[in-house]
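Show me the folded form of this:
(chains A and B)
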Protein chains: 2
Amino acid sequence: MKKNTKIPFNKPYLTGNELKYISQAIEGGKISGGGSFTKKCQKFFQNRYDFGKCLLTTSCTDALEMAAILINIQPGDEVIMPSYTFVSTANAFVLRGAKIIFVDSREDHPGMDETLIEMLITSRTKAIVPVHYAGVACDMDIIMGLAQQYNLLVIEDAAHSIDSFYTGKDGVKKALGSIGHLAAFSFHETKNVISGEGGMLAINDARFMERAEIIWEKGTNRSAFFRGEVDKYNWVDIGSSFLPSELTAAFLWAQLENLEKIQSRRLQIWHSYYDMLKLQVKNIRLPLIPDFATNNAHMFYLVFNEPGQRDLVIESLKSKGILAVFHYQSLHESPFYKDKSGTVKLNNSEKYTDCLLRLPFFYELENKTIKLISETINETIKDI
Amino acid sequence: MKKNTKIPFNKPYLTGNELKYISQAIEGGKISGGGSFTKKCQKFFQNRYDFGKCLLTTSCTDALEMAAILINIQPGDEVIMPSYTFVSTANAFVLRGAKIIFVDSREDHPGMDETLIEMLITSRTKAIVPVHYAGVACDMDIIMGLAQQYNLLVIEDAAHSIDSFYTGKDGVKKALGSIGHLAAFSFHETKNVISGEGGMLAINDARFMERAEIIWEKGTNRSAFFRGEVDKYNWVDIGSSFLPSELTAAFLWAQLENLEKIQSRRLQIWHSYYDMLKLQVKNIRLPLIPDFATNNAHMFYLVFNEPGQRDLVIESLKSKGILAVFHYQSLHESPFYKDKSGTVKLNNSEKYTDCLLRLPFFYELENKTIKLISETINETIKDI
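This is a model prediction of the structure:
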């Protein structure tokens, strides 16, 4: 393999029918949002994962914004979430005036430490937003228990979490995104199933279903109009244009038809990395999958003990044309929010910011490349 | 033509290269937002129409929301706009806490009556949002003059207005969307050039350009990161995921390559309607194009004297399988806002709500169909 060969961090996978379905949407005379491909995708998720009502959105960010509107966030309301997450988890609520209260990550996993949540709950707390990092479940029994005890709402940030599950103390295996009152998914090109940009809101609590449809359609009762329930549609609420085009939904539908094939290969890739790296890693950590969680093979990451080790590995991979990347900057340390949240130090979150490295991960990643990446890492870290 | 032949109100037009460019985006390994097709589209608009910085968005709604964030709308700020417009014109500002002050439409045109604006300006007024209805310019000299006099910002709602122009007293012909501080466009499937759902914000005032890019990228300085100006990207502001996928931008690029062909045919359609209807209309009004405006052939509409006349024409067209539709419900009368704005009666706006009818209008509309529609209307109204 030549030195300048490029192994990207991500490569969108085309399953085969994407362009055909986009053509069908065009031939059907409807490429704006809310058409037959949108409905097919939404039904697929509802049926397969036992989600409540599903509405496709233009992004996971937009699904989170819909959630913030739906739960009626008012200025000063507090929302508890991990600091080690994408900006949109927080921004969606900040746009409605919320104050974000950041929780540290677990020592053994980048997801938020469920044992630290209760002490942050105040009379202003409105919601908890668990982020299932790398598609690995947070301990939802604890989080839903707190929500019930303190009358809070739970919005799962399930951006990474399609086709992943949680088994609580009752022994029932539930899909991530089906447990909280609301859940937001992403179909961004880096995710397991994709539509370029794209997302979805799952509405599991029936109280929010009717209004969700209105907010999705720019604050109008247009959906009711098309069902013949009203004779003209009107402005009835706040809202935005959350619905994606049929071009986007048609693309996604082709992906969903191949979900099992995609997941099967991604799990192979994940286990190849794991098996090739596990013997050498010493005190460098590989991903943890707790007993209550399944692995949806969204991501493969390493956690080093110090940033210098990560830099070494990034450089040695780069010298072979391989792109490995770090992940989130902790939000409590961000220029925008470091003075607003009052949070000073979140040791684990900061550790993941400084020391977590994501390896190339996409459907078409070849076994020989996984081997090359793993061997390069093992060679680099053997002297660490 | 059989009775059940369906002539839709709109039909998306595929110019030919849409799927090819979508394929190219996929092959290029980038289908999330902000890639090469996005940049090509943005440059096209900047160069052709002398817009400032252009940023594609997932919808015109989202472009208006970006504008509301950019001008820093605070709760209680007042924004002046017509009532006869789409809900998003208002919702985008209501989401940031604005109070909407509605202006009546002109007697001779659905655009807002520029002479009524000044009396609505107060110390809380922050912006004026002219809507160029049917792509026909508002009198921007008056509006920009008021903005300068009272230190207000002007956001053009140019959803209908691509490739349309305004000539002010200085004799300079300027593209709609290049005149206000900011302007929002739509590429929804009903527009002249389309991408299913889609929009664009044009930022003409340099003060807003840097922050626009940050807000567009979810409140992060990611664009600066990719230009190598910062070594990691961070949360620096509020924002959302306003950027559309490369699938959307690739589709739009194919449309833009055919803009002149599309516009040429649409103008033919518009003039065919006009010529066939003008002799018969008596006191039923055809679209007005003021001397200061050009016609971009976005829409063809009739204004009846009373709703009953409109109903008759809708029914007679429907009996021939032709779908003609009314347009906006006046926002000052909406269930959501009728008590909030304090506006009681806007006679012209209410007239357009009750009496304006839009005729089928799309690139592939055949001459014989235009003739059939026109003859059906003429036959129906001859006894009115």
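
which stretches of chain A have low pLDDT?
By pLDDT under 70, the weakly predicted segments of chain A are A:1-5, A:280-282.

And the helices in chain A?
Remark: helices assigned in chain A by DSSP state H are A:18-27, A:36-49, A:60-70, A:87-94, A:140-150, A:209-216, A:222-226, A:246-256, A:259-277, A:307-318, A:347-355, A:367-381.

Turn those helices into TSV, columns for distance to B:N295 and mean neighbour count.
The way it works is simple: take the backbone N, C-alpha and C, and place the C-beta from them, glycine included. Shown next, in TSV, are those (distance: least, C-beta to C-beta, whole Å; neighbours: other C-beta atoms under 10 Å in any protein chain shown):
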stretch	distance to B:N295	mean neighbour count
helix A:18-27	28	19
helix A:36-49	34	18
helix A:60-70	35	28
helix A:87-94	41	27
helix A:140-150	57	17
helix A:209-216	34	21
helix A:222-226	29	16
helix A:246-256	29	27
helix A:259-277	49	17
helix A:307-318	56	16
helix A:347-355	56	20
helix A:367-381	57	17
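
Now render the ones you listed as TSV, adding distance to chain B.
Below are the helices of chain A laid out as TSV (distance: least, C-beta to the nearest C-beta, whole Å):
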stretch	distance to chain B
helix A:18-27	5
helix A:36-49	11
helix A:60-70	4
helix A:87-94	4
helix A:140-150	24
helix A:209-216	10
helix A:222-226	10
helix A:246-256	5
helix A:259-277	16
helix A:307-318	12
helix A:347-355	10
helix A:367-381	15
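
So which of the ones you listed is nearest B:E315?
helix A:222-226 (19.1 Å; C-beta to C-beta).

Run through who's touching that closest one.
Residues from elsewhere that reach helix A:222-226 (C-beta atoms under 8 Å, 6 or more residues apart in numbering or on different chains): A:34, A:213-214, A:216-217, A:230-233.

Same question for stretch A:27-45.
Counting by C-beta under 8 Å, 6+ apart, A:21, A:25, A:51, A:53-56, A:200, A:202, A:217, A:223, A:241, A:243-247, A:249-250, A:252-253, A:256, B:8, B:11-12, B:188-190, B:194-197 sit against stretch A:27-45.

how long is stretch A:283-295 from one end to the other?
Using C-alpha to C-alpha, to the nearest Å, the end-to-end distance of stretch A:283-295 comes out at 22 Å.

Which positions within it qualify as buried?
A:284-285, A:287, A:289, A:292-295 (16 or more other C-beta atoms under 10 Å in any protein chain shown).

what's in contact with it?
In contact with stretch A:283-295 (C-beta under 8 Å, 6+ apart) are residues A:108-109, A:134-137, A:139, A:141, A:164-168, A:173, A:267, A:270, A:274, A:277-278, A:299-305, A:309, A:381, A:384.

gap between that stretch and the chain center?
Taking the mean of its C-alpha atoms, stretch A:283-295 sits 17 Å from the chain's own mean (C-alpha atoms, centre = their mean, to the nearest Å).

What residues does the residue nearest the centre of chain A make contact with?
Nearest residue to the geometric centre of chain A (C-alpha atoms, centre = their mean): A:A159, 1.4 Å. Applying C-beta under 8 Å, 6+ apart, we find A:A159 in contact with A:60, A:86, A:131, A:184-186, A:188, A:191, A:199.

List buried residues within these.
Here, 16+ other C-beta under 10 Å leaves A:60, A:86, A:131, A:184-186, A:188, A:191, A:199 buried among the contacts of A:A159.
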